[in-house]
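Undergrad: test case, fold it:
(one chain, ligands or ions: 3)
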Amino acid sequence: MTLNHEASTSSVVSDEEVAAMVTGKDGLRVLLQPQVDLMTGRIVSAEALARWQHPRLGIVMPAEFIPAINRMGLDKLLFERVSLHVIDVLLTMRRAGIAVPVAINAPATTLSDERAVDFLLDRIYKAELPASLVRVELTEDQPIRELDVLRASLMKLEDAGCEVSLDDFGTGHASLKLLSAIPLSEVKIDQYFVTRMRRSAVAFEVLRTAAELATRLGWRVVAEGVENVADIPALRAAGCRYGQGFALGRPMPLEALMVRLRTQRDGGEPLAAPASYASSWIEAFDGAVTEAEPAFPVRATAQ
Ligand code: C2E
Ligand code: MG
Ligand code: MG
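TA: Ligands and ions are numbered 1, 2, ... in the order given. Now for the predicted structure:
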């Protein structure tokens, strides 16, 4: 099995094994998933996604080990290791003349710890990279206990030039209070809504309203879990300028992402794409085109 393929395992991994993976030198891998401008088809950024190359089980997905890492208090160590990897990725890109931001996932407990933020900023500084190339995604898998502490920490990142993104928006712990308290540049609308919008008018309206709120606040809006190219016109209509999902690019090793970024780099400037053009770019994509479905309206109101 290669790192290119998503896999899941039902095998149980012990806390000891998880701890050994995070503290050891081997085992942790990072894939990159492109985020794409839904108007132009260009890759605008990438997200770092952890994988565990287990000696016996093969690739173990984050859902199998991130909860244990958080529970054991090893989240800062994971953050540091992924951060170092992301710095290496950005340096590789820089050598190829490519400057595309890369996002690191982290829960509130990690980001509330100033030492984690300082570690990241120190490494960015030492690598002489623009901080704007590093993005932090606040994952919503944990309740936020001390909003003021989190806010101060995220402000420090923002002041240094890093962008903050709110992950899994709509299905996690984010309240309107959180939205108005922390510095944000981006929200990622959870794939729950993207998956359901075709069959649920309610899901579509929630997605559209969330996108409108985010847009009014000046944030980029990203649709997560875009699995069908046929959904792209509806996502654009709902106000999602950007998308991430298997239809746009699966999580992949750096080398595979670099192939796409080099092609993009050599193709010159992004096309100024009018809305009418935007459905045709996708035809060049991954060979993943299916016949376009009829223009959106949703068919049912039930979930
Ligand atoms: P996330 O940050 O929301 O990442 C998106 C997840 O959706 C990834 O799962 C990705 O592989 C998956 N995905 C992307 N496009 C599609 C699609 O079109 N369809 C479907 N069904 N899934 C799609 P993954 O890699 O298993 O990661 C799951 C979660 O684990 C992440 O959700 C993030 O919360 C967490 N995670 C991953 N890497 C790290 C890490 O380095 N640190 C921390 N703290 N959490 C991480
Ligand atoms: Mg994320
Ligand atoms: Mg997400």
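
Undergrad: scan this protein for its longest strand.
TA: Longest strand of the chain, by residue count under DSSP state E: strand 43-54.

Undergrad: ligand 2 contacts on the protein?
TA: Neighbours of ligand 2 within the chain, by C-beta under 5 Å from the ion: 105, 137, 167. (Glycine included, C-beta is placed from N, CA and C.)

Undergrad: which one (most neighbours) among those residues?
TA: Neighbour tally across these (other C-beta atoms under 10 Å): the maximum, 25 neighbours, falls on residue 167.

Undergrad: does that one count as helix, strand or coil?
TA: What DSSP: H, G, I helix; E, B strand; the rest coil gives for residue 167 is strand.

Undergrad: then the one 5 residues further on?
TA: Per three-state DSSP, the secondary structure class of residue 172 is coil.

Undergrad: look at the nearest residue to it once chain neighbours are set aside and tell me its secondary structure.
TA: Distances taken as C-beta to C-beta, 6 or more residues apart in numbering place residue 140 nearest to residue 172, at 2.2 Å, with adjacent residues excluded. Here residue 140 is recorded as coil under three-state DSSP.

Undergrad: please apply the same query to residue 135.
TA: Taking three-state DSSP as the rule, one finds residue 135 in the strand state.

Undergrad: per-residue confidence at it?
TA: pLDDT recorded at residue 135 is 98.

Undergrad: gap between residue 83 and residue 167?
TA: Remark: distance between residue 83 and residue 167 (C-beta to C-beta, to the nearest Å) = 16 Å.

Undergrad: circling back to that earlier point, list the contacts of the residue nearest to residue 172.
TA: By C-beta atoms under 8 Å, 6 or more residues apart in numbering, the contact set of residue 140 is 166-169, 171-174.

Undergrad: return the item of the residues you listed having minimum pLDDT.
TA: Least confident of the contacts of residue 140 in the model: residue 173, at 83.

Undergrad: give me the phi and psi for that residue.
TA: Reported as degrees, to the nearest 10, the phi and psi values for residue 173 are phi -90, psi 0.

Undergrad: wait, it sits on residue 145?
TA: No - using C-beta atoms under 8 Å, residue 173 is not in contact with residue 145, being 10.3 Å away.

Undergrad: quick check: beta-bridge partners of residue 29?
TA: Using DSSP bridges, the bridge partners assigned to residue 29 are residue 51.

Undergrad: helix, strand or coil: sort out the closest residue to residue 108 other than its chain neighbours for me.
TA: Nearest residue to residue 108, sequence neighbours excluded (C-beta to C-beta, 6+ apart): residue 144, at 4.7 Å. Secondary structure for residue 144, judged by three-state DSSP, is coil.

Undergrad: could you give the number of residues near residue 144?
TA: Other residues near residue 144 come to 23 when the count uses other C-beta under 10 Å.

Undergrad: try the one 4 residues further on
TA: The local packing count at residue 148 equals 9, with neighbours defined by other C-beta under 10 Å.

Undergrad: begin at 209 from now on, thanks
TA: All right, first residue 209 from here; so that's residue 356.

Undergrad: got the angle between the helix or strand containing it and strand 342-346?
TA: Using DSSP states H and E, residue 356 maps to helix 355-368. Orientation check (axes from the mean of the first three to the mean of the last three C-alpha atoms, to 10 degrees): helix 355-368 against strand 342-346 gives 160 degrees.

Undergrad: ok, residue 381 and residue 353, which is more surrounded?
TA: Counted by other C-beta under 10 Å, residue 381 and residue 353 do not tie: residue 381 has more neighbours, with 15 against 10.

Undergrad: ok, the more buried one - contacts?
TA: For residue 381, the contacting residues are 348-352, by C-beta under 8 Å, 6+ apart.

Undergrad: can you rerun that using 7 Å?
TA: 348, 350-352 (C-beta atoms under 7 Å, 6 or more residues apart in numbering).

Undergrad: and these, which is the shakiest by pLDDT?
TA: The lowest pLDDT within the contacts of residue 381 belongs to residue 350, with 76.

Undergrad: next, the nearest residue to that one once chain neighbours are set aside: phi, psi?
TA: Excluding its sequence neighbours, the residue lying closest to residue 350 (C-beta to C-beta, 6+ apart) is residue 315, at 4.7 Å. Dihedral pair for residue 315: phi -80, psi 170, per degrees, to the nearest 10.
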